[in-house]
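Novice: Provide a 3D model corresponding to the input given below.
(2 chains)
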There are 2 protein chains.
Amino acid sequence: MADINSKLEIGVTTGPIRGSKKIHVGPLNVAMREIHLEPGSGEEPVRVYDTSGPYTDPNAVIDIAAGLAPLRRTWQLARGDVEEYAPREVKPEDNGQLGPDRSGGVPPFPTALRRPLRAKAGHNLSQMHYARKGIITPEMEYVAERENLGRARLAEYKRDGESFGASIPDYVTPEFVRDEVARGRAIIPSNVNHPEAEPMAIGRNFLVKINANIGNSAVASDVASEVDKMVWSIRWGADTVMDLSTGRNIHDTREWIIRNSPVPIGTVPIYQALEKVGGVAEDLTWEIFADTLIEQAEQGVDYFTIHAGVRLPYVPLAAKRMTGIVSRGGSIMAKWCLAHHKESFLYERFDEITEIMKAYDVAYSLGDGLRPGSIYDANDEAQFAELYTLGELTKRAWAQDVQVMIEGPGHVPMHKIKENMEKQLEACGEAPFYTLGPLTTDIAPGYDHITSGIGAAQIGWYGTAMLCYVTPKEHLGLPDRDDVKVGVVTYKLAAHAADLAKGHPAAQVRDDALSKARFEFRWRDQFNLSLDPDTAEKYHDQTLPAEGAKSAHFCSMCGPKFCSMKISQEVRDFAAKQNQPVQTFIASEEEAEAGMKAMSQKYEEGGRELYVGAGDREHD
Amino acid sequence: MADINSKLEIGVTTGPIRGSKKIHVGPLNVAMREIHLEPGSGEEPVRVYDTSGPYTDPNAVIDIAAGLAPLRRTWQLARGDVEEYAPREVKPEDNGQLGPDRSGGVPPFPTALRRPLRAKAGHNLSQMHYARKGIITPEMEYVAERENLGRARLAEYKRDGESFGASIPDYVTPEFVRDEVARGRAIIPSNVNHPEAEPMAIGRNFLVKINANIGNSAVASDVASEVDKMVWSIRWGADTVMDLSTGRNIHDTREWIIRNSPVPIGTVPIYQALEKVGGVAEDLTWEIFADTLIEQAEQGVDYFTIHAGVRLPYVPLAAKRMTGIVSRGGSIMAKWCLAHHKESFLYERFDEITEIMKAYDVAYSLGDGLRPGSIYDANDEAQFAELYTLGELTKRAWAQDVQVMIEGPGHVPMHKIKENMEKQLEACGEAPFYTLGPLTTDIAPGYDHITSGIGAAQIGWYGTAMLCYVTPKEHLGLPDRDDVKVGVVTYKLAAHAADLAKGHPAAQVRDDALSKARFEFRWRDQFNLSLDPDTAEKYHDQTLPAEGAKSAHFCSMCGPKFCSMKISQEVRDFAAKQNQPVQTFIASEEEAEAGMKAMSQKYEEGGRELYVGAGDREHD
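Specialist: Numbering: from 1, shown residues only, chains lettered A, B, ... in the order given. Presented below is the predicted three-dimensional model:
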């Protein structure tokens, strides 16, 4: 154990994100990140949404072998509707092992033997259930505080945007959160057995969220790398993480991940069920699947991808396609249906699955098993047949007050994206949409994070609540740590572009702070306000490594003759003469002069190389 | 000279792009690239638009010191409206030198002393002029052949898309090209003194084009790196290249670039004019500027960025902004106007500039000197005031049959992009729009190629004819070779996403070919059909380096239990039983079996690691 633990500790990245400080706001100590700007600038710190958990808190003690503190436990117990009980016994096949011998496998999580919680008989732990009873839970209060980020400064910003019928409030109250959850327009994934998670909401009237995928391979040491990948992805902004582990050690790997995750964890239970029957889809049974749901619910999985919309009659529709079925879960169920020539047991037993979900408050992520895998197949009959079935299932889940989100495509050209959103809103009663991309072309393997980021920004603008990231390795191979970071940052910026376009209050605060820092040549502030400060500084330093360049009033894209700041000075004087109102955020004469002096010097030293344009200014 | 030349030759990348062959089509030998697919697949080769020139033709002899062959010269002379004349003498100040001593400078291009062409008195060499006289030039015929790429297979593809009022024909005839150029809806940049350029069209009814920017720094050896950057950017798909060189040796550097460029070259003449007056904007005069236009027109620059829309009364409007003026050319002219408190000489003398343009067929790229440099400043008064003046100038240029395109922003959130396109179409009579991005957020320095690629794909869809690339170094530093490639590929995929969404005929041919190859596990075909085959293969090999994996019927994202191909086999059988029509592009039973066998084996060897998902299939 010991060296395994040390391995794990070594593997995890901790410490503050540069230039920012962890803060805790309000009675519930909601974690946020505050970016502090140059003292001289007179600028307020900028508060940003923080998904990174205690790992970026210098005051937190991180012990991977002990897991995170159970933030929500007292809230859960206070509701008086839960009971502790003896957990289902872990079987060798849960870890894909043939016998009890675990040598060479993953060590069980040290405290994994704790007693899980579930609803007392006749009770329902779903946040939707509380919401519909008019109860505002601490989870809802936490979400309200968390989403209001920066809105204190709202007065300074006009509402501006096109939200396509969303109902984004100026200010998020706990009552607003309750109402959104009650009507199914938002979910708060919060399995009672994952008390370590910080409550967050997924819904079109909240900030657009992103998901990152991880998954283990089969050697013990990789538990460390999977836990590290989880911590790494939330450091850069992943709002939820899906554990797509397969193969051996799947149960124990999941335990290590959940116990150390401050964000909701999603899984695709059919993967593990398939393992338990040796990978033979036709041998899957309802009993094995239901047992797997219990197993994972007891561990604390917050949402399950369930492909209950892949119905027997839809399978032949996929035969007309260029790329058939590209969803793993979808293909497993299609195979089962074909083998037995029977309707899917996920569809037939849906209400029984819902019974299990509500006993732990596991949310549905209804899988799009028939999503298109190519531009050619976009928006076809198979895809929409399934979508309307997901709408029917949404209502059946809601009848038992269970939270639901809907998974979406896939590969879709830009002009067909909006139809996906509109049909989903209509078919699924505004249940949150959770899409993969979509990829807007098929021709850019190696750049599919970009191809899909284009589609993700658009569908996020139209109303998608959460965007599942795509990495540069899409369609080609397995993402490594760098791929995970690039995927997360790309999707973070796509989600932010969507928030801006929807007119999300205060979404623009960060853009304005960065642009103002850029205009005033506060380089460190530009780096620190960016989504990836390390990369921003690295790129800057490749051209101007000198420490002085970080404070100098010049950049490598323009020369002194082209400095927009200097011109703006002159413009201000000119405008003043004409008694025209001019904003005062322009730097002072002295600063300008100092800047020009430094610039000219650097410029001559640099053999006028600074003079060459780059990007924006490079354009002309 | 000798070692300079050898340096240059060393610096340039030549040879075919992997998996494809240069072909020449039709009576005019229009250059295209043909991607050949696995013989076994029975697939036709895929023809793709090729901007790379002779550099990717194994039969071409490349001699940088001699330049490319003058493809268009015979066409030009046949028109009988040109005259050779003694060129303007190159002055030391053209290269930023104080005296005739060129030691340490850039060597003059060996054959630079040739006699340039210009229109005989009373003639107009503009393609627009010919078009309006009803003449179909070889340039127009070349463009028609070039744009029709793949449309022979059009019958297989239904028209599908939303073009927002564009008039994209099923098939491009020379007469269609003539008509588009005559009405100003498209331009064919083709300076009579750049006969090496392969004719191409920029207009909303043609394929969306992209531009890459390069620019020299001041040491001789860098001529090699700038010529190499030009060749490198067209290799990956740049349709035009802007030479934004500044500082010293600007004249000679430009000569080396133009003589070796098969794509149109654009410049911002005010940069060189400013050099000639020692960088003091207020010392600029009409005479110096006009002389610079002649100098560059004689060298063969195909389009000039002219910031004639930055008028004295608009300058104060920029004072209200968060980020002032971010265009270098715009700030120079704003400074000149303020210093003299006079209207811009570019605006006052616009018709005289037009006289020069038509004598060489240089196209206008009317610069957006007041474009917004931040989300905060998007779509403001200053920006649109300038845009409407550009519309007025467009009509004045058209009055003399001179070709025009209009430059656009900049930084614009998604919900404000469409207004830019609509106002431009209305104000400028559908003259081609040429935009930088736009960037849809300000918070992602280091990822601005993506932030702007999102905006570029959208504005391209709405009707922008050419997209100016942005590299990852945007706002931070100077792009290197790798940055140039990433910028070009990102913009190539954005332009293609736009073509697909506009419903461009046959745009989808390449997507379909790649998706089919993916479905049939033809890995090499997937790599070769992608925008960047080298990166695609590299990423694939990071997970599955074995040579066998290139032909194996499996991928690292799914296991045999999840293979969509196998499922599709079963689906086909199932569907057949139900007498449902099924397309036949699904692989044969034998192939499937072979594939599964190879898969299972690899899968077991790999310790089931292949089982882990990635991206699309990783989703679930």
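Novice: and the nearest residue to A:P138 once chain neighbours are set aside, which of the three is it?
Specialist: Spatially, and ignoring its direct neighbours in sequence, A:P138 is nearest to A:W75 (4.4 Å; CB to CB, 6 or more residues apart in numbering or on different chains). Quick note: C-beta positions are derived from backbone N, CA and C, even for glycine. What DSSP: H, G, I helix; E, B strand; the rest coil gives for A:W75 is helix.
Novice: How is chain A divided into domains?
Specialist: When chain A is parsed with the TED database, its domains come out as A:72-508, A:566-619.
Novice: How about the contacts made by the residue of the stretch 51-200 of chain A found nearest chain B?
Specialist: Nearest residue of the stretch 51-200 of chain A to chain B: A:E162, at 4.3 Å (CB to the nearest CB). Residues near A:E162 by CB atoms under 8 Å, 6 or more residues apart in numbering or on different chains: A:W461, A:A501, A:K502, A:G503, B:H415.
Novice: Kindly recompute the last result at 10 Å.
Specialist: A:W461, A:Y462, A:A501, A:K502, A:G503, B:P413, B:M414, B:H415, B:K416, B:K418 (CB atoms under 10 Å, 6 or more residues apart in numbering or on different chains).
Novice: Could you do A:P372 as well?
Specialist: So A:P372 contacts A:318, A:321-323, A:325-326, A:378-380, A:382-383, A:409-412, A:416, A:420, A:438-439, B:515 (CB under 10 Å, 6+ apart).
Novice: Can you tell me how far it is from A:P413?
Specialist: According to CB to CB, to the nearest Å, A:P372 and A:P413 sit 10 Å apart.
Novice: wait, isn't A:I270 in contact with A:A290?
Specialist: No. Counting by CB atoms under 10 Å, A:I270 does not reach A:A290; the two are 11.9 Å apart.
Novice: Between the two, which is the more surrounded one?
Specialist: Taking A:I270 and A:A290 together and counting by other CB atoms under 10 Å in any protein chain shown, A:I270 has the greater number of neighbours (26 against 18).
Novice: Can you give me the distance of the more buried one to A:G369?
Specialist: Counting by CB to CB, the gap from A:I270 to A:G369 is 10 Å.
Novice: Touching both of those two, which residues are there?
Specialist: With CB under 10 Å, 6+ apart, A:I270 and A:G369 have common neighbours A:T305, A:I306, A:H307, A:R328, A:G329, A:G330, A:I332, A:M333, A:L346, B:D620.
Novice: Can you point out the buried residues in the helix or strand hosting the first one?
Specialist: When secondary structure is defined by DSSP states H and E, A:T305 falls within strand A:303-306. Of all the residues in strand A:303-306, those buried under the rule 16 or more other CB atoms under 10 Å in any protein chain shown are A:Y303, A:F304, A:T305, A:I306.
Novice: Can you narrow those down to the ones near chain B?
Specialist: Residues of these in contact with chain B (CB under 10 Å from any CB of the partner chain): A:T305, A:I306.
Novice: Can I get the buried residues of strand A:303-306 in TSV including pLDDT?
Specialist: Output for the buried residues of strand A:303-306, formatted as TSV (pLDDT from 0 to 100):
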residue	pLDDT
A:Y303	98
A:F304	98
A:T305	98
A:I306	98
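Novice: and of the buried residues of strand A:303-306, the nearest to chain B?
Specialist: Once CB to the nearest CB is applied, the member of the buried residues of strand A:303-306 that ends up nearest chain B is A:T305, at 4.7 Å.
Novice: Assess the claim that that closest one and A:G329 are in contact.
Specialist: Yes. Counting by CB under 10 Å, A:T305 touches A:G329, with 6.3 Å between them.
Novice: Identify the contacts common to the two.
Specialist: With CB under 10 Å, 6+ apart as the test, A:T305 and A:G329 both reach A:V268, A:P269, A:I270, A:Y271, A:G367, A:D368, A:G369, A:E407, B:H619, B:D620.
Novice: Could you measure from the fifth one over to A:L274?
Specialist: Read it as A:G367. The value you get for A:G367 to A:L274, if CB to CB is used, is 14 Å.
Novice: neighbour-wise, which of the shared contacts of A:T305 and A:G329 leads?
Specialist: A:G369 (34 neighbours).
Novice: Helix or strand: which one has A:H24?
Specialist: strand A:20-25.
Novice: Parallel or antiparallel, which strands does that strand pair with?
Specialist: strand A:30-35 (antiparallel) (DSSP bridges).
Novice: what does whichever helix or strand comes after the partner strand contact?
Specialist: Next helix or strand after strand A:30-35 toward the C-terminus (DSSP H and E): strand A:46-48. Strand A:46-48 is contacted from outside by A:17, A:20, A:23, A:25, A:32-37, A:148-153, A:237, A:506, A:509-510, A:512-514, A:517, A:525, A:528-529, A:531, B:443, using CB under 10 Å, 6+ apart.
Novice: Now list the buried members of those residues.
Specialist: In the contacts of strand A:46-48, the ones that pass as buried (16+ other CB under 10 Å) are A:17, A:20, A:32-35, A:37, A:148-151, A:237, A:506, A:509-510, A:512-514, A:517, A:525, A:528-529, A:531, B:443.
Novice: Looking at those, which are in strands?
Specialist: Counting by DSSP state E, these place A:S20, A:M32, A:R33, A:E34, A:I35 in strands.
Novice: Present those residues as CSV; the columns should include distance to A:I454 and pLDDT.
Specialist: Formatted as CSV, those follow (distance: CB to CB, whole Å; pLDDT from 0 to 100):
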residue, distance to A:I454, pLDDT
A:S20, 29, 95
A:M32, 30, 96
A:R33, 27, 96
A:E34, 32, 95
A:I35, 28, 96
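Novice: In contact with A:L439, which residues?
Specialist: Here A:L439 is in contact with A:372-375, A:378, A:409-413, A:448-456, A:470, A:474-475, B:493, B:497, B:511, B:615-616 (criterion: CB under 10 Å, 6+ apart).
Novice: picking that back up, for the strand holding A:T305, what is the distance to the chain centroid?
Specialist: 16 Å (CA atoms, centre = their mean, to the nearest Å).
Novice: Tell me the first helix or strand C-terminal of it.
Specialist: Heading C-terminal from strand A:303-306 (DSSP H and E), you reach helix A:328-340.
Novice: Pull out the buried positions in that next one.
Specialist: A:R328, A:G329, A:G330, A:S331, A:I332, A:M333, A:A334, A:K335, A:W336, A:C337, A:L338.
Novice: elements contacting that helix?
Specialist: When contacts are defined as 3 or more CB pairs under 10 Å, 6 or more residues apart in numbering or on different chains; DSSP states H and E, helix A:328-340 packs onto helix A:269-276, strand A:303-306, helix A:345-348, helix B:564-577, helix B:615-619.
Novice: Tell me the pLDDT of A:H129.
Specialist: With respect to pLDDT, A:H129 scores 98.
Novice: Could you look up the SS state of it?
Specialist: Criterion first, three-state DSSP; result for A:H129: helix.
Novice: Now do the top helix by length along chain A, average pLDDT.
Specialist: When chain A is parsed with DSSP state H, its longest helix is helix A:481-502. Here helix A:481-502 scores 97 as its mean pLDDT.
Novice: Ok, stretch A:311-327 next?
Specialist: pLDDT averaged over stretch A:311-327 gives 90.
Novice: same check, this time on stretch A:185-192
Specialist: Stretch A:185-192 comes out at a mean pLDDT of 98.
Novice: circling back: in the buried residues of strand A:303-306, find the pair that's most separated.
Specialist: Pairwise distances among those were taken by CB to CB; the largest, 9.5 Å, belongs to A:Y303 and A:I306.
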